[in-house]
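> turn this into a structure:
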Amino acid sequence: MRIAFFSTKSYDRQSFEEANTAFAHEIGFLEPRLDAVTASLAAGWPAVCAFVNDRLDPATLAVLAEGGTRLVAMRCAGFNNVDLAAAARLGITVVRVPAYSPEAVAEFTIGLMLSLDRKIHRAWARVRENNFSLDGLLGLGLHGRVAGVVGTGRIGALVARALRLGFGCEVLAADQVQNPALVSAGVRYVPTEQLLEQADIITLHCPLTPGTRHLVDAASIARARPGFQLINTSRGALVDADALIDGLKRGLVGGVALDVYEQEGDLFFEDLSNEIIQDDVFQRLLTFPNVLVTGHQAFLTRPALHAIAETTLHSAADFEAGRPLPNRLPALS
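Residues are numbered from 1 along each chain as shown. Have a look, this model is predicted:
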């Protein structure tokens, strides 16, 4: 099948070219992000592959459909950037990669948590300037602290288990569905409001839905335990950045580690080191000494990229052959 890939980087090309030896799809790699303007580049390609910051709104999907695209393959788990109702009206099938190396994101989450608490990123910067002072690097440690895990799917469950069994935290979890294995390991499920009030560390692992958008906002920060640490490797829009800045300034938030950001589409995955960033909220976040930001890299391991490529290309092959699509997204109305 002929597949046009948008938003591609060198690591995308390498992983998909390696995986494609088993499928022999015709692949075209495009660097631009997918939107209503760039969608015309896919004219004549029956399938396109898109990523987290591509924009698949009705206008973009209409251009794709006019150009003959019948399949959109998201090489990620999230699909909040896809208008599924518009896709259904235009006869476009949408598939995704529901799970790819959850260990990669879980490990990165723990890494952020440790780096934030023990101020490893600040220590590294100091040592590079031959400053070996330990002042200001005092951490709290994880053992014995109360950690709150919001969302206990495959990634959240791994994080909760690591915190409980590996670091000796008291772990609270919030989810609509309880994981019996986590309960057996000593994880305690509580309402989200109670988790916010009692947790020293809060880590987010839930999907972005209308109900979870700005889950961490001014009200939840005011209700949370003063000085709590927040980790987000899930979706940027789970956190209201303006409210987060206010909480940091008032000392209500003790530390933040983010691998995602609500307005990351104009920033992440690009080298902007020679440009002036116009996002004042993001720039304000970077001024705080107790804020650690990475550029949406939690997924970036070789096993994860291999799983993404293999699953995506398999879905394309199934679509072309008319076989069932287990990773197909529902046609919402």
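> what comes up buried for the helix or strand harbouring Trp124?
For Trp124, the host element (DSSP states H and E) is helix 120-128. Neighbour-count burial for helix 120-128, counted by 16 or more other Cβ atoms under 10 Å, picks out 120-123, 126. Glycine gets a C-beta too; all of them are placed from N, C-alpha and C.
> now do stretch 282-290
Result for stretch 282-290 [16+ other Cβ under 10 Å]: buried residues 282, 284-285, 288.
> got those as CSV, with pLDDT, distance to Ala24 and secondary structure columns?
Formatted as CSV, those follow (pLDDT from 0 to 100; distance: Cβ to Cβ, whole Å; DSSP: H, G, I helix; E, B strand; the rest coil):
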residue, pLDDT, distance to Ala24, secondary structure
Phe282, 98, 42, helix
Arg284, 98, 49, helix
Leu285, 98, 45, helix
Phe288, 97, 50, coil
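> can I get stretch 31-39 in PDB? Just the C-alpha atoms.
Taking C-alpha atoms only, stretch 31-39 is exported to PDB below (Å, rounded to 0.1, in the frame of the first residue of the first chain):
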ATOM      1  CA  GLU A  31       8.700  16.500   7.000                       C
ATOM      2  CA  PRO A  32       5.800  19.000   7.200                       C
ATOM      3  CA  ARG A  33       3.100  18.600   9.800                       C
ATOM      4  CA  LEU A  34      -0.300  17.600   8.500                       C
ATOM      5  CA  ASP A  35      -2.900  20.300   8.300                       C
ATOM      6  CA  ALA A  36      -5.400  21.700   5.800                       C
ATOM      7  CA  VAL A  37      -2.600  23.400   3.900                       C
ATOM      8  CA  THR A  38      -0.100  20.500   3.700                       C
ATOM      9  CA  ALA A  39      -2.800  17.800   3.200                       C
END
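> and that stretch, how far out from the chain middle?
21 Å (Cα atoms, centre = their mean, to the nearest Å).
> just stretch 252-260 next, same as before
15 Å.
> got the contact list for Gly227?
Contacts for Gly227 were tallied using Cβ atoms under 8 Å, 6 or more residues apart in numbering; they are 200, 251-254.
> closest to Ala42 among those residues?
The nearest member of the contacts of Gly227 to Ala42, counting by Cβ to Cβ, is Val253 at 42.5 Å.
> so what's that closest one closest to, chain neighbours aside?
Spatial nearest neighbour of Val253, chain neighbours left out: Gly247 (4.0 Å); criterion: Cβ to Cβ, 6 or more residues apart in numbering.
> what does the pLDDT read for that neighbour?
Per-residue pLDDT puts Gly247 at 98.
> which among the contacts of Gly227 end up buried?
Buried subset of the contacts of Gly227 (neighbour count, 16+ other Cβ under 10 Å): 200, 252-254.
> which two of the residues you listed have the greatest separation?
Applying Cβ to Cβ across the buried ones among the contacts of Gly227, the maximum distance is between Asp200 and Leu252, 13.2 Å.
> doesn't Thr8 fall inside a helix?
No. If the criterion is DSSP: H, G, I helix; E, B strand; the rest coil, then Thr8 is coil and not within a helix.
> now do it, the pLDDT please.
97.
> quick one: the strands in the stretch 151-300 of the chain?
170-174, 188-189, 201-204, 228-232, 253-258, 291-293 (DSSP state E, counting those that start in this stretch).
> now the last one, how far from the chain's geometric center?
Mean C-alpha position of strand 291-293 versus that of the full chain (Cα atoms, centre = their mean) differs by 15 Å.
> so what does it touch, helix or strand wise?
helix 102-118, strand 253-258, helix 280-286 (3 or more Cβ pairs under 8 Å, 6 or more residues apart in numbering; DSSP states H and E).
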